[in-house]
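Peer 1: Test case, fold it:
(one chain, ligands or ions: 1)
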Amino acid sequence: MTLRVTVWNEGRHEKKNPKVQQVYPEGLHAPIVKYLREQGMDARAATLDEPEHGLTEAVLAETDVLTWWGHMAHGDVQDEIVERVHKRVMEGMGLVVLHSGHFSKIFRKLMGTSCDLKWREAEERERIWVVAPGHPIAEGLGEYIEIPHEEMYGEFFDIPAPDELVFTSWFQGGEIFRSGCCFYRGRGKIFYFRPGHETYPTYYNEQVLRVIANGVRWAALPAGPKLAFGHRPQPLEKIE
Ligand code: ZN
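Peer 2: Here you go, the predicted structure:
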């Protein structure tokens, strides 16, 4: 089965910041879409400024996994669309949240915490250590991924304890961060992956792209029974 992936990008930095335009002339989503297509996935982009942010009922109904990058315009995402995405995650759509998507409405709603953290832009080295070598999201990697220049995100990261922790980052300035976190919500699977500041060419890094593809495949794994709640006046067995 071909995985259907919608790569969502806010797309505003690219319009306003020449430095970001230079790094990602076709948008930050473009190298991600390209790589996922090379992996045999049916990947397409959607951006904030399209009608319904490119996330219509029809698009989401045909999406197995949604990836999410946002930063400067989290507040411009309509609550109605956030509800729509949330409903699809509960139904079993996978969600891969990238970098500053940690502060998106959808991620905070799914986590139920502030999702706040420490940060610094100092072109420092990040070493992303694999801390779950048996996990499918770490498939094909070495012990760590090294990124020469990235923004720092530091603990404490105010999220619920992840159901599975795949990566922990070390930064040159001394901080650490839980940078690859898996969560289950309803029938849906959520993977948060940290790197990807808009002024650095992180989404051209083969290993970063590999992790995104692995995360998409993991989040798309078949889900169990549909959600069923509420009053059950008829018991399955006769109650003696
Ligand atoms: Zn950033």
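Peer 1: Which stretches in the chain count as helices?
Peer 2: With helices called from DSSP state H, the chain shows them at 13-16, 18-23, 30-38, 57-61, 79-91, 105-111, 206-219.
Peer 1: Kindly present those helices as TSV, with separate columns for mean neighbour count.
Peer 2: Glycine gets a C-beta too; all of them are placed from N, C-alpha and C. Listed next are the helices of the chain as TSV, based on neighbours: other CB atoms under 10 Å:
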stretch	mean neighbour count
helix 13-16	16
helix 18-23	14
helix 30-38	18
helix 57-61	14
helix 79-91	17
helix 105-111	21
helix 206-219	22
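Peer 1: could I get these as a markdown table with distance to the ion and mean pLDDT?
Peer 2: Converted to a markdown table, the helices of the chain look like this (distance: least, CB to the ion, whole Å; pLDDT from 0 to 100):
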| stretch | distance to the ion | mean pLDDT |
| --- | --- | --- |
| helix 13-16 | 9 | 95 |
| helix 18-23 | 11 | 97 |
| helix 30-38 | 16 | 98 |
| helix 57-61 | 26 | 98 |
| helix 79-91 | 21 | 98 |
| helix 105-111 | 14 | 98 |
| helix 206-219 | 14 | 98 |
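Peer 1: Adding distance to residue 46, write those helices out as a markdown table.
Peer 2: Shown next, in a markdown table, are these (distance: least, CB to CB, whole Å):
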| stretch | distance to residue 46 |
| --- | --- |
| helix 13-16 | 14 |
| helix 18-23 | 19 |
| helix 30-38 | 10 |
| helix 57-61 | 7 |
| helix 79-91 | 10 |
| helix 105-111 | 13 |
| helix 206-219 | 15 |
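Peer 1: quick one, which of these is nearest to residue 44?
Peer 2: helix 30-38 (6.9 Å; CB to CB).
Peer 1: tell me the contacts of whatever residue of the chain ends up closest to the ion?
Peer 2: Nearest residue of the chain to the ion (CB to the ion) works out as residue 197 at 3.6 Å. By CB atoms under 8 Å, 6 or more residues apart in numbering, residue 197 lies in contact with 99-100, 121, 150-151.
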